[in-house]
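S.K.: Need a 3D model of the following:
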Amino acid sequence: MSASKDTARGAGQLLVDLGPIILFVLTYNVLNRVEALKANAIYYATGVFIVATLAAIAWAWHTTRKVPPVLIVTGVLVSAFGGLTLLMHDENFMKIKPTFVNLFYAGAIFGAMMFRQNIWKLLFSHAFTLPDRIWTILAIRWGLFFLLMAGVNEYIRLTQTTDFWVNARVIVVYPLIFGFMLLNAPITMKWVGKTNADDPKFRGEDAEQPA
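M.R.: Numbers count the residues shown, from 1 in each chain. Here you go, the predicted model:
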């Protein structure tokens, strides 16, 4: 598969992954401005989030006949924490979900490395082809980033209002994620579409070639 096709498919999958959370934020902000619905805006938004996530999974299956592992994990966690939020009528379950998700991914990444496995490659090899060494570099970077984001969510959850927490997805969380993606873009774009056979370090060559 060419680098351009890899990139296009990755961009399309990104829209599927981000769509539900964008709908969550929009729904909350719209309903939060309706006096009669304001008190329960977070719960209506949570319901929309669950439905949108399940719809994204269904769409992925309909269009490709497979569902990316990351979307499956997201679906399970959103359904679990969102379901508890609605069942217990307690928004804290939804607020703690990002912390759990980030710690889950960090734990999965570093835990798998102890067994010489790369979860990051498993999750995103459907979108990009990269040499194993580059997958390892990206996995370590993102594992550390997930730990950071868990801390960021906990700080916001414990010190800020629900309004700020919801909108922090747009004004804090996504900018940090996209900024980190941009920092990793050079190494990804350099090696996308390539395999171990294209990596001099994998072949054992003494090539002074930056990642």
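
S.K.: Enumerate every residue touching Leu77.
M.R.: Lys97, Phe100, Val101, Phe104 (C-beta atoms under 8 Å, 6 or more residues apart in numbering). Where you see a C-beta, it was placed from the backbone N, CA and C, and this is true even at glycine.

S.K.: Pull out the buried residues from those.
M.R.: Lys97, Val101 (16 or more other C-beta atoms under 10 Å).

S.K.: Keep only those of the contacts of Leu77 that are in helices.
M.R.: Lys97, Phe100, Val101, Phe104 (DSSP state H).

S.K.: Poorly predicted segments of the chain, please.
M.R.: Applying pLDDT under 70 to the chain flags the ranges 1-17, 126, 202-211.

S.K.: pretty sure Thr195 contacts Pro131?
M.R.: Yes: using C-beta atoms under 8 Å, Thr195 is in contact with Pro131, at 6.0 Å.

S.K.: More neighbours: which of those two?
M.R.: Shown here are Thr195 and Pro131; by other C-beta atoms under 10 Å, Pro131 has more neighbours (19 against 12).

S.K.: List the residues that contact the nearest residue to that one once chain neighbours are set aside.
M.R.: Closest residue in space to Pro131, ignoring its immediate chain neighbours: Asp199 at 4.1 Å, by C-beta to C-beta, 6 or more residues apart in numbering. Contact analysis of Asp199 by C-beta under 8 Å, 6+ apart lists Pro131, Asp132, Arg133, Ile134, Trp191.

S.K.: and the last one, how many residues sit next to it?
M.R.: Right, the one you point to is Trp191. When neighbours are counted by other C-beta under 10 Å, Trp191 registers 22.

S.K.: Leaving out sequence neighbours, find the closest residue to it.
M.R.: Among residues not flanking Trp191 along the chain, Ile134 sits closest, at 4.6 Å (C-beta to C-beta, 6+ apart).

S.K.: in stretch 39-53, what counts as buried?
M.R.: Quick answer for stretch 39-53 (16+ other C-beta under 10 Å): Ala41, Ile42, Tyr43, Tyr44, Ala45, Thr46, Gly47, Val48, Phe49, Ile50, Ala52, Thr53.

S.K.: quick one: contacts of it?
M.R.: By C-beta under 8 Å, 6+ apart, stretch 39-53 touches 19-21, 23-25, 27-28, 31-32, 34, 37, 74-75, 78-79, 82-83, 85-86, 89, 91, 94, 162, 166.
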